[in-house]
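Asks: Using only what follows, build the 3D model:
(one chain, ligands or ions: 1)
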Amino acid sequence: MSLASEGKREITLRFLAQPTDVNFGGKVHGGSAMKWLDQAGYLCSTGWSGRYCVTAFVGDINFHNPILVGDLVEVDAKIIHTGRTSMHIGVTLNSCNPKQCEFSKSIHCIMVFVALDEGGKPVEVPQWQAEDEADIAMEKYAIRIMDLRCINQKELDVLIK
Ligand SMILES: CC(C)(COP(=O)(O)OP(=O)(O)OC[C@H]1O[C@@H](n2cnc3c(N)ncnc32)[C@H](O)[C@@H]1OP(=O)(O)O)[C@@H](O)C(=O)NCCC(=O)NCCS
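Replies: Numbering: from 1, shown residues only. Model prediction:
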C-alpha cells in the first residue's frame, strides 16, 4: 500500500549524527547531510508512487546551522508538486542537542524524483492536490522555480559545451 493510497504525502527520518558522519572540526560533512536529504526524498517519492524512483534534480541547498556529532537529526520530506512522472519534494533537515531538544533549521531544499517502471522508463505517478493556502503557495513556487531552472539550464548548456 503506497503513501498516496493512504492519503499521506510526508515522511520523517530521525536518527543521531554519528562520529563517522563528521569532519575534523566535529561537524557533519556536507556530503553526509546531502545523503540524508536524498534518502528522505527517495523514501517519500517511492512511498508516494509505489515505484522505484531516481533523483533528477536537487535545488539550492543552504546550510544554515552546523550539525554536531551526537545531535538528533530530523529530516522531513513532503510532496509539494506532482508532474506526470515526477514528484517535487520539499525537504527540511532540523537538528538539536538531544539534551535540550530545541530544534534549529539546518537545511531546506527542493528535490525532484522521477518514478521508473520495471524497464527503467519514467512512469505516471498518483497526482497530489494542494488543498490549503500554504500548499497552494508552495506548489506555485515549485512550478515557478522549475520554469526558471529551464531558462538557467539553457544558458548553462551554451556556456558549457
Ligand atoms: C531522471 C530521468 C529518469 C529522466 O529521464 P528522461 O528520459 O529525461 O525522461 P523524460 O524527459 O520523460 O522526463 C521525465 C520526467 O523527469 C523530469 N525531469 C527530467 N530531468 C529533470 C531535471 N533535471 N530536473 C527536474 N525534472 C526533470 C521531466 O520534467 C519529466 O517530468 P514529468 O513527467 O512530471 O513532466 C533520467 O534523466 C535519469 O535516469 N537520470 C539519472 C538519474 C540518476 O542517476 N540519479 C542519481 C541516482 S538515483
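
Asks: who in the chain is up against the ligand?
Replies: Neighbours of the ligand within the chain, by CB under 6 Å from any ligand atom: 54, 55, 56, 57, 83, 84, 85, 86, 112, 114, 122. Any C-beta I mention is one placed from the backbone N, CA and C, and that applies to glycine too.

Asks: Quick check: beta-bridge partners of the last one?
Replies: Looking back up the chat, that one is residue 122. With DSSP bridges as the criterion, the beta-bridge partners of residue 122 are residue 116.

Asks: which residues touch it?
Replies: Counting by CB atoms under 8 Å, 6 or more residues apart in numbering, residue 122 makes contact with 84, 85, 86, 114, 115, 116.

Asks: at 10 Å instead, please
Replies: Residue 122 is in contact with 51, 53, 54, 56, 83, 84, 85, 86, 114, 115, 116, counting by CB atoms under 10 Å, 6 or more residues apart in numbering.

Asks: Also the fourth one?
Replies: For residue 57, the contact set (CB under 10 Å, 6+ apart) comprises 86, 88, 110, 111, 112, 113, 114, 146, 149, 153.

Asks: Can you tell me the closest non-neighbouring residue to the residue in the chain positioned nearest to the ligand?
Replies: Using CB to the nearest ligand atom, the single residue of the chain nearest to the ligand is residue 83, 2.1 Å away. Distance criterion CB to CB, 6 or more residues apart in numbering; nearest residue to residue 83, sequence neighbours excluded, is residue 125 at 7.9 Å.

Asks: does residue 43 really touch residue 77, like I thought?
Replies: Yes: in this structure, residue 43 is within contact of residue 77 by CB atoms under 10 Å, at 6.8 Å.

Asks: before we move on, the earlier item: distance of the residue of the chain closest to the ligand from residue 161?
Replies: As defined by CB to CB, to the nearest Å, residue 83 lies at a distance of 28 Å from residue 161.

Asks: Between the two, point out the one with more neighbours.
Replies: Neighbours were counted for residue 83 and for residue 161 using other CB atoms under 10 Å; residue 83 has more, 16 against 4.

Asks: Please enumerate the helices of this structure.
Replies: For the chain, helices defined by DSSP state H occupy the ranges 30-49, 133-159.

Asks: quick one: low-confidence parts of this structure?
Replies: Across the chain, nothing is flagged by pLDDT under 70.
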